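1. what's the 3D shape of this:
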Amino acid sequence: MPKIAEIEPTPNPNAMKFVLREPLTWGITRSYDDAGQAQDDPLAAKLFEIEHVTNVFYVDHWITVTQDGGADWQELMRKLAVPIRDAPAADEQSAQIAQAATLNVESMSDADRVRRDRINEILDEQVRPYLQGDGGDLYVMGIEGNRLMVHYQGACGSCPSSISGTLAGIESLVRQIEPDMEVVAV
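-> The predicted structure is shown next:
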């Protein structure tokens, strides 16, 4: 059962990040925008049962919960803490699943795989640590020609600065290696 080490605000005023002492997963990202998506995830399903919860995102040692703006954070955090503390910590099996998931490569051309890998390296070094520090993340959905599709997760998913400033910064970084690349949030 993960213990909450600290609770941090994020740049998104409707999202809070819970930093945990034990991991919930080993490298497996879980992101849900509603209760229907979370029905097979016991932790996320419990969190969506709490009024005002609109998004649940977690990976490793932290979980970000986003609300609709209608709840008092102090009261909501007390309610959220119960299912978070009751959730089982990650085990060896989930570490093996994480390794298998990283070996699963989408059906894309070798050239596009190389392009995606280069872009992910830049994102891993210069973007994701900051997004994760703020309770969110970014997933590369795919490449179509000169369009890179990315999906924001967690606190970044509904944060106004993600869609404007952060997206422009990502496009600027990506254009250092692919000058004609357009980055689109999906």
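2. next, count neighbours for the nearest residue to residue 13 once chain neighbours are set aside.
-> Distance criterion Cβ to Cβ, 6 or more residues apart in numbering; nearest residue to residue 13, sequence neighbours excluded, is residue 69 at 7.7 Å. (C-beta placed from N, C-alpha, C; glycine too.) Neighbour count for residue 69, taken as other Cβ atoms under 10 Å: 10.
3. quick check: residue 69 vs residue 52, distance?
-> Distance of residue 69 to residue 52, computed by Cβ to Cβ, to the nearest Å: 8 Å.
4. before we move on, what about residue 113?
-> Using Cβ to Cβ, residue 113 is found at 41 Å from residue 52.
5. and if you look at residue 169?
-> According to Cβ to Cβ, residue 169 stands 31 Å off from residue 52.
6. now stretch 115-122: mean pLDDT?
-> In this model, stretch 115-122 has an average pLDDT of 91.
7. in it, which residues are buried?
-> 115-116, 119, 122 (16 or more other Cβ atoms under 10 Å).
8. give me the residue ranges of this structure where confidence is low.
-> For the chain, the stretches with pLDDT under 70 are 1, 92-107, 158, 160, 162-164.
9. can you give me the strands for it?
-> Assigned by DSSP state E, the chain shows strands spanning 4-9, 15-20, 30-32, 53-59, 62-67, 136-144, 147-154, 182-185.
10. reformat these as a markdown table; add mean neighbour count.
-> Compiled in a markdown table, those are given as follows (neighbours: other Cβ atoms under 10 Å):
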| stretch | mean neighbour count |
| --- | --- |
| strand 4-9 | 14 |
| strand 15-20 | 21 |
| strand 30-32 | 21 |
| strand 53-59 | 25 |
| strand 62-67 | 25 |
| strand 136-144 | 18 |
| strand 147-154 | 21 |
| strand 182-185 | 16 |
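11. possible to save these as TSV with distance to residue 79?
-> Below are the strands of the chain laid out as TSV (distance: least, Cβ to Cβ, whole Å):
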stretch	distance to residue 79
strand 4-9	13
strand 15-20	12
strand 30-32	17
strand 53-59	9
strand 62-67	10
strand 136-144	22
strand 147-154	19
strand 182-185	30
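12. among those, which comes closest to residue 88?
-> Residue 88 lies closest to strand 15-20 among the strands of the chain, at 11.9 Å (Cβ to Cβ).
13. send me that closest one as PDB with only the CA atoms.
-> C-alpha atoms of strand 15-20 as PDB (Å, rounded to 0.1, in the frame of the first residue of the first chain):
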ATOM      1  CA  ALA A  15      -4.700  19.200 -10.800                       C
ATOM      2  CA  MET A  16      -2.700  17.900  -7.800                       C
ATOM      3  CA  LYS A  17       0.200  15.600  -7.900                       C
ATOM      4  CA  PHE A  18       0.600  12.900  -5.100                       C
ATOM      5  CA  VAL A  19       4.200  11.700  -4.700                       C
ATOM      6  CA  LEU A  20       4.300   8.200  -3.200                       C
END
